[in-house]
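Chemist: sequence and predicted model, in that order:
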Amino acid sequence: MSQKQKIHILGGGPAGLSVGYYGKKKGKSISIHESSKYIGGNCRTIQIGDYRFDTGAHRFHDKISDVTNEIKQLMGDHLVEVHAPSKIYFNGKMIDFPLNFQSVIKSLELSKILKILFENAFNVFKYQSNYENFEKLAYAKYGKTLSDLFLINYTEKLWGTEAKRLQTTISGDRLKHLSIYTVIFEMILKNFKSKHLEGAFYYPKFGYGTIFDKMANYIGFENIKLDSKVVRIIHDGNKIKEIEYENSNSSQVEYVINTLPITSIIKMMEPLPSDSLLQKAKSFKFRNLKLCILTLDIPFVSKNASIYFPEKSNPITRIYEPKNRSHHMAPEDKTSLVIEIPFTLGDNIDCMNDDEIIDMVKSTLTKKKLFKGSDVIDSKLFNIKNAYPILEIGQEKELRMLIDYLQSFKNHQLIGRNVEFKYLHTHHIIWKARMLIENLES
Ligand SMILES: Cc1cc2nc3c(=O)[nH]c(=O)nc-3n(C[C@H](O)[C@H](O)[C@H](O)COP(=O)(O)OP(=O)(O)OC[C@H]3O[C@@H](n4cnc5c(N)ncnc54)[C@H](O)[C@@H]3O)c2cc1C
């Protein structure tokens, strides 16, 4: 593309804003179109009174040094390194997350511990680099007993799908480092802790969303159109020609970078693709989240970054306490909790009204003695749409066909969690955005 051509970016979440940010840095003309009233997608920080909380992402992982340095530069002294452990709540006890053998041993009876050791001893000889599905990966890494207790049930609750139907990549990086070797290492060296157990990450003082607020400021709000829902993408079979918005505006386009859900993009194409592609797109599903916010009249609930709940009988997957990331997130003598409850349209959670969900959350967490009912000051419920793309086994080929079709338009590129249909973290997305802009130049 030429330097003079304008880039239309569809979606104002982390992917759209990162592309806009790097594009602006290279002097490109940018126009971002976001359907909602806010930028940030699943990475917003909302302020209610004296409390702030994140709607999605709440850990910046230092995995790609160029990206970390870019974000450090962007945020200045607002980006702080946080050291806070995460835990798994199991039978009234807190176990280290990611799993740590010493911690597990304290909460299980001897017969289970022996079984876990036996299973893992044999796993050493069965190691392979590729596993067919998440269940097989978990069994190979931890053995059946440990996996069934802490991983399989949690995973199936989060994704709403059997672990044997899920791709191994849904674990992100979390299962990569812990093996029987680290377990043995821990037993020999009591205080040994590998890097992933330390609970270190970066976090902005005033919430995760401020990373993307800063990017939006740099891009300039005059280049970001809110309330600008894309409804139609008009093409001539070779190039994208025009984008139509719900507010009945439209733009003639030269170059388009698309971050919208792949399931929606396919239906927006005009002319439509083949029936077979439309049918394939229908099989791709997202898991949604109810986010329950409780403000509490106590200075803290725990010192943990997050607490995970593996048991299936409890619909909550995870809670986090924003104040443990930055003291600016709640008043000194009070705290708040963000509680995640995954759901699929039409399931039991989806059929409950907001009050019923809030009551369920309060009663579950007070029974676990994390706080008392009388500590609750206020509660709110938010819906997070398209929180997780569900990566099922056997969908890779069909996804490739959809992506190949959409990228066959010469002036159309795809980026982001919803369109790539991958478990991407923000540091990955920021890196991909930088690469995408650099490749446009070459
Ligand atoms: C609960 C949760 C916790 C997470 N924790 C972390 C974490 O700790 N660290 C981390 O790095 N990542 C984390 N992530 C992942 C991170 O949130 C995603 O990687 C990131 O939000 C993906 O950005 P995106 O722009 O691809 O998609 P999104 O964030 O979904 O943004 C897409 C944007 O497109 C807009 N849009 C949709 N349809 C249209 C349309 N028709 N027209 C115009 N605009 C449209 C949406 O409104 C939205 O603003 C977490 C995610 C979730 C859900």
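Modeler: That came in fine, so what should we check first? Keep in mind the model is a prediction, meaning the values are calculated, not measured. Numbering: from 1, shown residues only.

Chemist: for stretch 224-244, the averaged confidence score.
Modeler: Mean per-residue pLDDT for stretch 224-244: 98.

Chemist: give me phi/psi at Gly220?
Modeler: phi 100, psi 120 (degrees, to the nearest 10).

Chemist: who's in contact with the nearest residue to it once chain neighbours are set aside?
Modeler: Closest residue in space to Gly220, ignoring its immediate chain neighbours: Lys24 at 7.5 Å, by Cβ to Cβ, 6 or more residues apart in numbering. For the C-beta atoms, the positions are set from N, CA and C on the backbone; glycine is no exception. Residues near Lys24 by Cβ atoms under 8 Å, 6 or more residues apart in numbering: 30, 218-220, 223.

Chemist: show me what from the stretch 201-350 of the chain comes close to the ligand.
Modeler: Residues of the stretch 201-350 of the chain lying near the ligand by Cβ under 6 Å from any ligand atom: 229-230, 259-260, 264, 289, 340.

Chemist: now tabulate these in TSV and tack on neighbour count.
Modeler: Shown next, in TSV, are those (neighbours: other Cβ atoms under 10 Å):
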residue	neighbour count
Lys229	15
Val230	22
Thr259	29
Leu260	23
Ser264	16
Leu289	24
Glu340	21
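
Chemist: would you turn those residues into a markdown table with distance to His8 and secondary structure?
Modeler: As requested, those are exported to a markdown table (distance: Cβ to Cβ, whole Å; DSSP: H, G, I helix; E, B strand; the rest coil):
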| residue | distance to His8 | secondary structure |
| --- | --- | --- |
| Lys229 | 14 | coil |
| Val230 | 9 | strand |
| Thr259 | 11 | coil |
| Leu260 | 12 | coil |
| Ser264 | 16 | helix |
| Leu289 | 29 | strand |
| Glu340 | 33 | strand |
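
Chemist: so which of these comes closest to His427?
Modeler: Thr259 (16.2 Å; Cβ to Cβ).

Chemist: tell me which residues touch the closest one, please.
Modeler: Thr259 neighbours (Cβ under 8 Å, 6+ apart): 9-11, 13, 15-16, 19, 414-416, 418-419.

Chemist: which ones among these map onto strands?
Modeler: 9-10, 414 (DSSP state E).

Chemist: quick one: which of those has the most company?
Modeler: Leu10 (30 neighbours; other Cβ atoms under 10 Å).

Chemist: which parts of the longest helix along the chain are buried?
Modeler: Ranked by residue count and defined by DSSP state H, the top helix of the chain is helix 426-441. Burial within helix 426-441, assessed by neighbour count using 16 or more other Cβ atoms under 10 Å, is assigned to 426-434, 436-437, 440.

Chemist: cool, and stretch 393-405?
Modeler: Buried residues in stretch 393-405 (16+ other Cβ under 10 Å): 395, 398-399, 402, 405.

Chemist: who in the stretch 1-150 of the chain is up against the ligand?
Modeler: So far as Cβ under 6 Å from any ligand atom goes, the stretch 1-150 of the chain lies against the ligand at 10-16, 33-36, 41-43, 56-59, 61.

Chemist: I'd assumed Ile257 was in a helix, is it?
Modeler: No - checked against DSSP: H, G, I helix; E, B strand; the rest coil, Ile257 lies outside a helix; its state is strand.

Chemist: I'd guessed it sits against Leu436; true?
Modeler: Yes - at 7.0 Å, Ile257 counts as touching Leu436 under the criterion of Cβ atoms under 8 Å.

Chemist: what sits in contact with each of those two?
Modeler: Joint contacts of Ile257 and Leu436 (Cβ under 8 Å, 6+ apart) are 19, 413, 415.

Chemist: tell me how many other residues crowd the last one.
Modeler: Counted with other Cβ under 10 Å, the neighbours of Ile415 add up to 23.

Chemist: what number of residues lie near the residue nearest to it when sequence neighbours are not counted?
Modeler: Leaving aside its sequence neighbours, Ile415 sits nearest to Ala15 (Cβ to Cβ, 6+ apart; 5.0 Å). By other Cβ under 10 Å, the residues close to Ala15 number 31.

Chemist: need the contact list for Ala15.
Modeler: Here Ala15 is in contact with 41, 259, 415-417, 419, 429, 432-433 (criterion: Cβ under 8 Å, 6+ apart).

Chemist: before we move on, the earlier item: take the contacts of Lys24 and write them to JSON lines, including neighbour count.
Modeler: Shown next, in JSON lines, are the contacts of Lys24 (neighbours: other Cβ under 10 Å):
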{"residue": "Ile30", "neighbour count": "20"}
{"residue": "Tyr218", "neighbour count": "13"}
{"residue": "Ile219", "neighbour count": "25"}
{"residue": "Gly220", "neighbour count": "12"}
{"residue": "Asn223", "neighbour count": "16"}
